[in-house]
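Asks: Next comes the sequence, and after it the predicted model I'd like to discuss.
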Amino acid sequence: MLLIEVNNLIKNYGDRLILDIKALKVNSEDKIGIVGLNGSGKTTLIDILRGKVKEDSGEVRIHCNYAYISQLEKAEPENLDKAIARRYRIEELWKDTFSGGEKTRFKIGSCMSKDSPLIFADEPTSNLDIASREALQKSFKEFKGAIMLISHDRRFLDSICNKIIHIELGKVQLYDGNYTEYSLLRKEEEERNIFLYNSYQREKKKLQGAIDDTKDKVKSIRKTPKRMGNSEARLHKMGGQNAQAKLSSSVDNLKKRLARLEVMEKLREMDKIKIDINIGSHLYSKELIKGGNINLSFQDKKVFERAEFTIYNGSKTALLGANGSGKSSLIKMIMEKNSNIKTCSGLKIGYFSQSLDILEEELSIFDNVFQAGLDETLVRTVLSRLLFKKEEVYKKVKFLSGGEKVKASLAKILLKDNNMLILDEVTNYLDIYSMEAVQWLLKEFDRTILFVSHDREFISAVANSFLEIKDKKLIYYKGTYKDYIEDGFKNNRDNIALLENRLALLVGKLSMPTKKDNIEELNKEYYRILGEIKAKGGNI
């Protein structure tokens with residue numbers, strides 16, 4: 001069933017072309033991921049399709065009602081269905097005091113409770129913890145309708161999408177398959193383009209060389225010698241004119257061949273971040289940060305209770321935990337030098353905050369990043385490879401997008417004399433290409449990193465150790481993300497088995513209680529354990 005059709009759509013902002021779409025159709029079975037650089041027009045496309053932004057020309061038809069999830073728009077105050085609220089671990093009524101993750105989960109719950117055949121979703125995974133992302137992923141996979149989705153979570157796109165729209169320089173191209181399949185097709189296109197471009201350059205050079213050689217031959221035809229008689233001179237002149245005519249004709253034919261040669265433009269290449277950023281001095285302590293007997297409460301809620309942890313030199317540690325578990329609180333305690341957290345001598349931490357408060361709004365990108373003692377060429381190189389080109393480095397921070405502010409903040413941190421990085425949600429607001437570049441950069445960074453991210457692909461690529469906040473404690477794990485997940489699953493199954501054994505004992509006692517048994521207490525424990533088994537994914 002056809003839900004959306006677009007024909008000859010043009011959208012400009014000032015003199016900049018944002019979208020140029022010849023034709024686009026969305027059917028009821030399509031789950032489409034929309035990818036492209038920050039500012040390429042992804043959100044504008046969705047806003048045009050849902051009628052919130054007007055196209056300059058062309059035709060847009062939408063044949064159904066829709067639901068919409070956005071990080072920017074506030075949710076309508078409403079009561080969620082109880083089952084939906086439980087599924088997304090959120091209260092039934094919207095509160096302005098919700099955390100970022102809670103607000104997102106409420107919007108998702110509201111969207112999924114509507115009976116719409118089409119969902120538009122603009123970065124729905126931002127601020128979600130891994131468990132919430134997986135719940136949304138499951139909901140989208142089970143959804144019996146069309147989805148148009150902007151996301152930088154590559155695993156999320158892989159799991160859900162059967163088509164990908166790529167937006168670049170206003171052009172919109174549709175690919176069949178998920179994100180991985182799209183990436184392979186793009187790579188094949190790039191390789192084919194490089195081959196055709198090189199072939200074109202070789203043929204162009206060959207034809208131009210032939211033209212130049214022929215022109216030289218025309219010039220080299222000798223004039224009539226003065227000593228020749230009139231008859232001989234006429235014959236010589238006629239022969240020269242014929243030769244010149246033939247050579248000129250050859251030049252014209254070669255020029256026509258050159259003009260007919262299909263012009264091949266080199267495919268736009270994404271800049272790679274390849275910079276020697278290891279400016280900070282090396283540390284030789286095995287343990288850089290060590291915390292013990294850490295306690296933290298907010299009102300009646302305990303966040304940490306006698307927790308302890310260690311950050312080892314050279315490690316790239318992912319700090320994991322559910323929304324509201326205390327990740328940002330722990331980072332704040334480290335940065336504020338809590339009395340129960342010790343750091344080694346000489347430690348200099350570069351801190352990336354979600355608030356992006358290290359940037360001065362009225363200064364340009366360059367003035368924010370440049371520091372005394374730094375080479376100006378190095379600063380420009382770093383900014384260029386973070387896609388800030390030429391005069392763009394003089395753009396004031398207050399005019400930057402969220403993704404641009406993230407990259408400017410990261411540049412500032414990397415160019416300081418730091419020997420450890422603490423990054424709190426550095427992947428938020430980045431497009432996929434920028435995130436892959438940052439991911440590559442952090443893998444190559446040979447200092448210690450502690451970071452918070454809910455992007456599973458990013459975590460898998462960067463982390464070699466993990467700190468998980470669980471039951472008010474900090475649990476350390478060394479290894480790959482795959483090993484961490486597999487071991488966690490095994491431990492979860494072992495815990496379920498222990499709970500199931502206890503449940504069986506309770507059933508026996510409740511079936512044949514003795515005089516010593518407190519039936520009310522046994523019942524309470526039975527339902528508590530039953531709830532724990534269900535929460536861990538057991539089959540009851």
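Replies: Looks like it arrived, so ask away. Numbers count the residues shown, from 1 in each chain.
Asks: Could you pull out the helices in the stretch 51-200 of the chain for me?
Replies: 82-87, 100-112, 130-142, 154-160, 179-220 (DSSP state H, counting those that start in this stretch).
Asks: Relative to Glu444, which of the ones you listed is closest?
Replies: helix 154-160 (19.6 Å; Cβ to Cβ). Bear in mind the C-beta positions are built from the backbone N, C-alpha and C, glycine included.
Asks: From the contact counts, what lies against the closest one?
Replies: When contacts are defined as 3 or more Cβ pairs under 8 Å, 6 or more residues apart in numbering; DSSP states H and E, helix 154-160 sits against strand 31-36, helix 130-142, strand 146-150, helix 179-220, helix 456-462.
Asks: Name the residues that touch that helix?
Replies: Contacts to helix 154-160, defined as Cβ atoms under 8 Å, 6 or more residues apart in numbering, come from residues 31, 33, 35, 125, 133, 136-137, 140-141, 147, 149, 151, 164, 178-180, 432, 455-457.
Asks: Give me the mean pLDDT for the one helix or strand Lys302 maps to.
Replies: Assessed by DSSP states H and E, Lys302 sits inside strand 301-312. For strand 301-312, mean pLDDT is 92.
Asks: Report the distance from it to the chain centre.
Replies: 30 Å (Cα atoms, centre = their mean, to the nearest Å).
Asks: CA atoms of that strand as CSV?
Replies: Listed next in CSV are the C-alpha coordinates belonging to strand 301-312 (Å, rounded to 0.1, in the frame of the first residue of the first chain):
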residue,chain,number,x,y,z
LYS,A,301,17.1,6.9,46.5
LYS,A,302,20.5,5.2,47.1
VAL,A,303,22.7,5.4,44.0
PHE,A,304,26.0,4.0,45.4
GLU,A,305,26.5,1.9,48.6
ARG,A,306,30.1,1.1,49.6
ALA,A,307,31.0,0.9,45.9
GLU,A,308,34.6,0.7,44.7
PHE,A,309,36.4,0.8,41.4
THR,A,310,39.8,1.2,39.6
ILE,A,311,40.7,2.9,36.3
TYR,A,312,43.9,1.3,34.9
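Asks: what pairs with that strand, and is each one parallel or antiparallel?
Replies: Strand pairing for strand 301-312, determined by DSSP bridges: strand 287-298 (antiparallel).
Asks: Give me the residues contacting the strand it pairs with.
Replies: Residues beyond strand 287-298 that count as contacts (Cβ under 8 Å, 6+ apart) turn out to be 302-313, 326, 329-330, 333-334, 338, 340-344, 347, 420, 448, 450, 474.
Asks: Report the mean confidence score over that strand.
Replies: So the average pLDDT for strand 287-298 ends up being 91.
Asks: and that strand, which residues are buried?
Replies: 288-291, 294, 296 (16 or more other Cβ atoms under 10 Å).
Asks: Tell me how far Leu387 lies from Glu404.
Replies: To Glu404, Leu387 is 8 Å away according to Cβ to Cβ, to the nearest Å.
Asks: next one: Leu510
Replies: Applying Cβ to Cβ, the value for Leu510 to Glu404 is 62 Å.
Asks: what about those two, which has more around it?
Replies: Using other Cβ atoms under 10 Å, the more surrounded residue of Leu510 and Glu404 is Glu404, with 22 against 14.
Asks: which residues does that one contact?
Replies: Glu404 is in contact with 38-39, 365, 388, counting by Cβ under 8 Å, 6+ apart.
Asks: how about it, secondary structure?
Replies: helix (DSSP: H, G, I helix; E, B strand; the rest coil).
Asks: from what I can see Phe458 touches Ala437, true?
Replies: No - Phe458 is not in contact with Ala437 according to Cβ atoms under 8 Å; the separation is 11.6 Å.
Asks: if we can go back for a sec, in ChimeraX, how would I select just the buried ones from the contacts of strand 287-298?
Replies: A single ChimeraX command selects the buried members of the contacts of strand 287-298 (16+ other Cβ under 10 Å):
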select :303,304,307,309,310,311,312,313,326,329,330,333,334,341,343,344,347,420,448,450,474
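Asks: so what's Leu17 up against?
Replies: 10-11, 169-170.
Asks: so it sits in a strand?
Replies: Yes - counting by three-state DSSP, Leu17 is found in a strand.
Asks: roughly how far apart are it and Val172?
Replies: 12 Å.
Asks: cool, Ile349 as well?
Replies: 43 Å.
Asks: Also Lys509?
Replies: 65 Å.
Asks: for Tyr481, same thing?
Replies: Taken as Cβ to Cβ, the span from Tyr481 to Val172 is 34 Å.
Asks: List the single closest residue to Asn418 in space, sequence neighbours excluded.
Replies: Excluding the flanking residues, the one nearest Asn418 by Cβ to Cβ, 6 or more residues apart in numbering is Gly350, at 3.5 Å.
Asks: From the contact counts, what lies against the one helix or strand that neighbour maps to?
Replies: Element membership of Gly350, judged by DSSP H and E, is strand 349-352. Other helices and strands packing on strand 349-352, by 3+ Cβ pairs under 8 Å, 6+ apart, are helix 327-335, helix 402-414, strand 420-424.
Asks: Tell me what angle the second one forms with strand 420-424.
Replies: Helix 402-414 and strand 420-424 meet at an angle of 160 degrees, taking axes from the mean of the first three to the mean of the last three Cα atoms, to 10 degrees as the criterion.
Asks: Quick check: which element contains Glu436?
Replies: Judged by DSSP H and E, Glu436 forms part of helix 432-444.
Asks: In that helix, which residues are buried?
Replies: Of the residues in helix 432-444, those buried (16+ other Cβ under 10 Å) are 432-439, 441-442.
Asks: Centre of the chain to it, how far?
Replies: 9 Å.
Asks: picking up where we left off before, could you dump the helices of the stretch 51-200 of the chain into CSV and include mean neighbour count?
Replies: Formatted as CSV, the helices of the stretch 51-200 of the chain follow (neighbours: other Cβ atoms under 10 Å):
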stretch, mean neighbour count
helix 82-87, 14
helix 100-112, 23
helix 130-142, 17
helix 154-160, 21
helix 179-220, 14
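Asks: just for the stretch 251-400 of the chain, where's the confidence low?
Replies: 251, 253-255, 257-258, 260-281, 372 (pLDDT under 70).
Asks: try it again with 50
Replies: 270-275 (pLDDT under 50).
Asks: One more: the chain?
Replies: In the chain, residues with pLDDT under 50: 235-236, 270-275.
Asks: Break it into its domains for me.
Replies: 2-169, 187-260, 287-451+468-478, 486-535 (automatic domain parsing).
Asks: end to end, how far does the first one reach?
Replies: Right, the one you point to is domain 2-169. 27 Å (Cα to Cα, to the nearest Å).
Asks: do stretch 31-44 as well
Replies: Distance between the two ends of stretch 31-44: 18 Å, counting by Cα to Cα.
Asks: ok now it, how far from the chain's centre?
Replies: The answer for stretch 31-44 is 11 Å, by Cα atoms, centre = their mean.
Asks: Also stretch 46-65?
Replies: With Cα atoms, centre = their mean, you get 26 Å for stretch 46-65.
Asks: Can you point out the buried residues in it?
Replies: Buried residues in stretch 46-65 (16+ other Cβ under 10 Å): 46-50, 55, 58, 60.
Asks: With stretch 67-75 instead?
Replies: So stretch 67-75, judged by 16+ other Cβ under 10 Å, has buried residues 67-71, 75.
Asks: Kind regards, and thank you for your time.
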